[in-house]
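In: 3D model of this:
(chains A and B)
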Amino acid sequence: MSVKQKVLQFGRVFRQLTWRMDQRLLLIIIAGVVGGLSGLSAVILNEMLSRVYHALKPLHAHWGSLVLPALGAGLSCLFLGYIMREGAGHGVPEVIYSVLKRGGLLRLRSSFSRLISSTLTIASGGSAGPEAPVVISGASIGSNIAKKFGLNDRQRIVIVGSGAAGAISSIFNAPVAGMIFAVEVILGDWTPISLIPIAIASVMGAEVSRLLEGNQIPFTHHAFHAGLLDITACVGLGLVAGLASVLFTRLLHGIGAKSRKMVRFDTLRAALGGTCVGLLGLFLPVVLGEGYEVVRSVIENRFEAGLLLATGATLAKILATSLTIGSGGSGGIFAPCLVIGSLGGLAYERALIFLWPGVAWAEGGLFALLGMAGVMSGTLQAPLTGIFLIVEVTGSYEVMLPLILVSAVSATLCHYMEPVSFYHKELASQGQLLRPRTDAGLLADLSVLELLEKDCVVVSEDMRLRDMISIIQQTSRNYFPVENARGDFVGLVHLDDLRPYIFNPVFYDAVVVGELVQSDIPHVSPFDDLREVLDLMDQTRSWSLPVVHRNKYLGMVSKGSILDQYRKELVVQSY
Amino acid sequence: MYLTIDQVSKWLNLPVNTLQRWVRQGKIPVYKSDNGYVFLERELKDWADSRGIFLTPKQEARDKADRLRDFRLTDAMKKGGTIHEVKGEGVSGVLKAVVQAAPLDRRIDRDVLFRRLIEREELSSTGIGEGIAIPHPRFPLADGPEEPSITTAFLDSLVDYGSIDGVPVFVLFLMLSPSPKVHLTLLGKLSHLLKDASFKRLLKQRPVEQDLLAAVEATEINMDPAGRVSGSSHVG
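Out: I've put the predicted structure just below:
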């Protein structure tokens, strides 16, 4: 037996085994494997980042900090656009889109392309985070493994979520945050059947990172004490964090849209963005890179800055990140959110001291920590992810109360000013934010072709009324689509149009169908969105519309059958 | 029982392309086999029940299947068997004797069957003339046979059956069908057969089962499923 035959035989036995296994158990096992693998990819990215960063460090000292970000961003854009042939951007919206629209299908190359491009962007000084690239990498690993096992769309989506959970869980060593991120941001669906595999993946992701990199939290634990006054002040911090998030979200989109208009050439645009970031970095080096070191120093009260500098640094970081990602660099907004939040929190504390110097406020580190949760919750509009991530990465359970408060205030303010989060904004503006069990989601699932009613009898334009009579006897429908001699759709005849004539035999040979046809009837194409079809029905106050493709009549689509299908579609949504 | 995607699409009254999408999205329990998707009937029923989805009742589905199937007169008559020298007084007397003597399915309650036959006769006689009657229950019996049966019963003496032509009856064809559709199909074939002059001559000789079945089979070969003779538009 040759090796190939052996492999084939093994594959067959393997598939048989997995098919006989209980589907839920299989899902959990696959999720565990995927979680481990995406955890591994997070570790690899971390390792690559630190190595490349240290290799480039000598260059950063002089002219390098100006040129390097431009070089890195340009190279990353070249790599993604020409070698990998993928769009720029950070990846999380792609994962969400794939979950909503394509049943979680992702390309295999996505599992590593963003790792390389984000290494180029971030290690060279671009202001972005490594989390989103790891998320798309984990999600793509999950998607492709699910495809290998022949899982259906629903199961594949759960596995994609598991990949994302494993990635976040591993990179932050924060299993709960990973799990909640996957459910809150990626899937938007809280059913137990998806929660359990995702939880397992989270555990596996965290475990892999602990085995390889040691069990340590990213930011050292500090015991903070928050008094009643501090908690009251948190409402204000929540508002500040919310405003910062809104500014961040708008600037990201604004720079993205503006720069695409100004510079058509992708690589050049990314390089120009990188240059601007480098310029900012000359004056404020804190804005460069992922910025974990900055967060660390702020939390540990090592960051020496007054009100002005802290505020300036916050704004500069927002600008630098928007420039990096908006212009086409590769990276996520997780880490920048943390930096913006910590700097913003620090600035808020400095402002409090400036306004009420007599009061004994808590340390700046506490406000920085709370600010991180606030900006995280606001920008992602995922308060739970914000709260749990901060608790886990700082190990500060004792600040839970103010943490919840800040997150809630910030998320509410953001939701008020920006109804959809940064991740969903693009999808929502294209009308593609189709969460399961929502009206839009249901309608997007159905297609006109599935609802086609073919029981209307087609009549020809030059048919006499006499011949119509016998057709009326045969059919139970009131509409008669009319075709001309070439078989093209002309219009509809309704039974009401015939009523004045059918009881008077004088008209039987005097009237032909073509004289009675309503040719101005609106019609729909088989590929139209169902939502548009329903809108058209409402506008024209009609209950059914003809479906026409390339001038040929295909059938009717009616509100009755849509409702029938809609209900069935709704009840099969549940597991 | 296993179902194919076409069957399930009929049961659920859904287009096949919707069903294919449901399978792809994992909205319906399904198994993959070498030649396409396979649904388990019991699993599908549980699935539909728990979601309040209406599955076409089995009876209707069977009616549809019956319409497609070709029920052979010969098979039904073989199953029903032939009995000779049936004795009895009047219509109810002979019917009672036939019901008792006929080789019927064990599940059938003979008393109930007898009552149903009498009910039908009271409505109007099933004597179709020329000494022949086709007694049958008006509706299929609740626990009736899966396969149709026709029992041929030759009477010992002529019985006044109230036929349209007033001729006393010498032979009964007791028909039991699983559904009205099957009943109509077989009735069509049988009445066509009974128009055949040579077959009527054979009947008068009160043949044994073998000869009778041979004659039926010879005639039935020329009939299409609906009971028409091929090549002619004559409806039996």
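
In: mean confidence for stretch A:233-245?
Out: The pLDDT scores in stretch A:233-245 average 93.

In: check stretch A:260-271 too.
Out: 81.

In: what about that stretch, start to end distance?
Out: 13 Å (Cα to Cα, to the nearest Å).

In: now do the buried residues in that stretch.
Out: Across stretch A:260-271, burial judged by 16 or more other Cβ atoms under 10 Å in any protein chain shown covers A:V263, A:D266, A:T267, A:R269, A:A270, A:A271. C-beta: built from backbone N, CA, C; applies to glycine.

In: so which of those residues is the closest to B:N35?
Out: Distance to B:N35, by Cβ to Cβ, is smallest for A:D266 among those, at 48.5 Å.

In: which residues touch the residue in chain B positioned nearest to chain A?
Out: Minimum separation of chain B from chain A (Cβ to the nearest Cβ) falls at B:G26, amounting to 3.2 Å. Contact analysis of B:G26 by Cβ atoms under 8 Å, 6 or more residues apart in numbering or on different chains lists A:L151, A:N152, A:D153, A:R154, A:Q155.

In: identify the residue nearest it in space, chain neighbours excluded?
Out: In space, and not counting its chain neighbours, B:G26 is closest to A:N152: 3.2 Å by Cβ to Cβ, 6 or more residues apart in numbering or on different chains.

In: backbone dihedrals for the one you found, both of them.
Out: Backbone torsions of A:N152, given as degrees, to the nearest 10, read phi -80, psi 180.

In: wait, it touches B:R24, no?
Out: Yes. Counting by Cβ atoms under 8 Å, A:N152 does reach B:R24; the two are 6.1 Å apart.

In: overlap in contacts of these two?
Out: Joint contacts of A:N152 and B:R24 (Cβ under 8 Å, 6+ apart) are A:G103.

In: the two: who's more crowded?
Out: Per other Cβ atoms under 10 Å in any protein chain shown, whichever of A:N152 and B:R24 has more neighbours is A:N152, with 19 against 13.

In: domain-wise, how is chain B divided?
Out: Listed by automatic domain parsing, the domain ranges of chain B are B:2-56, B:73-220.

In: with distance to A:S519 and mean pLDDT as extra columns, can I get the ones you listed in a markdown table?
Out: Converted to a markdown table, the domains of chain B look like this (distance: least, Cβ to Cβ, whole Å; pLDDT from 0 to 100):
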| stretch | distance to A:S519 | mean pLDDT |
| --- | --- | --- |
| domain B:2-56 | 29 | 83 |
| domain B:73-220 | 44 | 83 |
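
In: helices of chain B, residue ranges please.
Out: Here chain B has its helices, by DSSP state H, at B:5-11, B:16-25, B:41-51, B:58-68, B:73-80, B:90-101, B:110-123, B:180-193, B:197-204, B:209-220.

In: flag every buried residue along the first one.
Out: Going back to what we said before, that points to helix B:5-11. The neighbour-count check on helix B:5-11 (16+ other Cβ under 10 Å) flags B:I5, B:Q7, B:V8, B:S9, B:W11 as buried.

In: chain B contacts on the stretch 101-250 of chain A?
Out: A:G103, A:G150, A:L151, A:N152, A:D153, A:R154, A:Q155 (Cβ under 8 Å from any Cβ of the partner chain).

In: thought B:R21 was touching the first one, still the case?
Out: Which is A:G103. No. Look at A:G103 against B:R21 with Cβ under 8 Å: they stay out of range, at 10.1 Å.

In: I'd like to know how far the residue nearest to B:L123 when sequence neighbours are not counted sits from B:R120.
Out: Nearest in space to B:L123, with sequence neighbours left out and distances taken as Cβ to Cβ, 6+ apart, is B:R138 at 7.0 Å. Distance, B:R138 to B:R120, by Cβ to Cβ, to the nearest Å: 5 Å.

In: more neighbours: these two, which one.
Out: Set B:R138 next to B:R120 and count neighbours by other Cβ under 10 Å: B:R120 wins out with 17 against 11.

In: most proximal residue of chain A with respect to chain B?
Out: For chain A, Cβ to the nearest Cβ, closest residue to chain B: A:N152, 3.2 Å.

In: quick one, what contacts the residue sitting furthest away from the middle of chain B?
Out: The outermost residue of chain B, judged against the average C-alpha position, is B:Q25 (42.1 Å), by Cα atoms, centre = their mean. By Cβ under 8 Å, 6+ apart, the contact set of B:Q25 is A:G103, A:N152, A:D153, A:R154, A:D445.

In: please apply the same query to A:H222.
Out: A:H222 sits next to A:I299, A:E300, A:E363, A:G365, A:T394, A:S396 when contact means Cβ under 8 Å, 6+ apart.

In: swap the cut-off to 10 Å and go again
Out: Contacts for A:H222 were tallied using Cβ atoms under 10 Å, 6 or more residues apart in numbering or on different chains; they are A:I299, A:E300, A:N301, A:E363, A:G365, A:L366, A:L369, A:T394, A:G395, A:S396, A:V399.

In: show me which of the residues you listed are buried.
Out: For these, buried by 16+ other Cβ under 10 Å: A:I299, A:E363, A:G365, A:L366, A:L369, A:T394, A:S396, A:V399.

In: isn't the first one right next to A:A223, touching?
Out: No. In this structure A:I299 lies outside contact range of A:A223 using Cβ atoms under 10 Å: 12.0 Å.

In: helix B:73-80 and the biggest strand by length in chain B, what's the angle between them?
Out: What stands out as the longest strand in chain B, according to DSSP state E, is strand B:149-159. Between the axes of strand B:149-159 and helix B:73-80, defined by axes from the mean of the first three to the mean of the last three Cα atoms, to 10 degrees, the angle is 70 degrees.

In: so what strands line up beside strand B:149-159?
Out: Sheet pairing of strand B:149-159 (DSSP bridges) gives strand B:82-86 (parallel), strand B:169-176 (antiparallel).

In: could you single out the most deeply buried of those strands?
Out: Most buried of those, by mean neighbour count (mean count of other Cβ atoms under 10 Å in any protein chain shown): strand B:169-176, with a mean of 24.

In: what angle do it and helix B:110-123 make?
Out: Using the same axes, to 10 degrees, strand B:169-176 lies at 120 degrees relative to helix B:110-123.
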